[in-house]
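Participant: Compute the structure for the input listed below.
(one chain, ligands or ions: 2)
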Amino acid sequence: MLTDPIELVASARAAGRGVGAFNVIQVEHAEAFAEAAERAGCGLVMQISQNAAKYHGSLAPIALATLAVARESSAPIVVHLDHAEDRALVTQAIALGMNSVMYDGSKLDYAANVAATAEVVREAHAAGVSVEAELGEVGGKDGVHAPGVRTRPSEAVDFVGATGVDALAVAVGTSHAMTERTASLDLDLIRELRAAIRVPLVLHGSSGVPDDELTRAVEAGMTKINISTHLNKTMTAAIAAFMSAQPGIVDPRKYLGAGRSAMVDEVVRLLGVLKATR
Ligand code: G3H
Ligand code: ZN
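Facilitator: Numbering: from 1, shown residues only. Ligands and ions are numbered 1, 2, ... in the order given. The predicted structure follows:
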């Protein structure tokens, strides 16, 4: 079922739990995440990035498929637009029925990020849709890893007050699209941000973070944990193993099915690491 993002993420923050947020690229991702949520007995976020929408030619096909999977599931699921830099995509996501959006103005200077994000908040809140924004650019979106960037707590407090966002992505040591889990986080900064900011904090680029550090991040105060590359690695490895064991198979349902079930197992495991199931 589609669930209220505030209910899912804010209640997890209050209880010290994490919420897994996993990126949908193919419909198999959404199916795997729904099955994992049902198996683990908790909610999660399925998110579609601007880049994934671009890959499919537009947002509607993959967003409507993901919404259908979420609505048919017995688990509480949020369907979220991830890293939208294009305002028009936010408008489209709201019209399609996605119930949460991330407007990513992190490349803008502070004043421009505040102004653009506040406008998105006005539009989304009028439709009952929740908004995540980013302050302090988490690197790696352009393939260049930049784990050194940090969000300043005082600036983050001002940003949340000035924009009215419902969740904030912060830079605390991660970088997007890492294929090795070697990142170490600034846990003191996470604790400081958690104490200073009233909305849930979002960890981007979590694929590069090892299991024990992910658990520590949740314990220090991160709530929504975005994981994408790691699951694509899981899916790709399962498909590669399937193809090399059975090279004659041409039915995509066979090899995509192997990739999908590998993702189910890994998401169930990750939800435990994130303390999402407690
Ligand atoms: O917004 C999506 C995430 O930040 C995922 O990043 O691919 O490095 O896990 P990742
Ligand atoms: Zn991200």
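
Participant: For ligand 1, what is the nearest residue in the stretch 1-150 of the chain?
Facilitator: Nearest to ligand 1, among the residues of the stretch 1-150 of the chain, is residue 82, at 4.7 Å (Cβ to the nearest ligand atom). Yep, even glycine has a C-beta here, placed from its N, CA and C like the rest.

Participant: Surely that residue and residue 53 touch.
Facilitator: No. With contact defined as Cβ atoms under 8 Å, residue 82 does not count as touching residue 53 (9.5 Å).

Participant: before we move on, the earlier item: SS state for the residue of the stretch 1-150 of the chain closest to ligand 1?
Facilitator: Of the three states, residue 82 takes strand under DSSP: H, G, I helix; E, B strand; the rest coil.

Participant: Over to residue 47?
Facilitator: What three-state DSSP gives for residue 47 is strand.

Participant: Please name the bridge partners of it.
Facilitator: Judged by DSSP bridges, the bridge partners of residue 47 are residue 23, residue 80.

Participant: residues near it, how many?
Facilitator: 27 (other Cβ atoms under 10 Å).

Participant: Contacts made by the helix or strand residue 215 falls within with the rest, please.
Facilitator: Following DSSP states H and E, one finds residue 215 within helix 211-220. Contacts with helix 211-220, where a contact means Cβ atoms under 8 Å, 6 or more residues apart in numbering, come from 16-18, 172, 181, 183-185, 187, 190-191, 194, 203, 206, 209, 225, 270, 273-275.

Participant: Just the closest residue of the stretch 51-200 of the chain to ligand 1, please.
Facilitator: Closest point on the stretch 51-200 of the chain to ligand 1, by Cβ to the nearest ligand atom, is residue 176, at 4.3 Å.

Participant: Low-confidence stretches in the stretch 51-200 of the chain?
Facilitator: 142-146 (pLDDT under 70).
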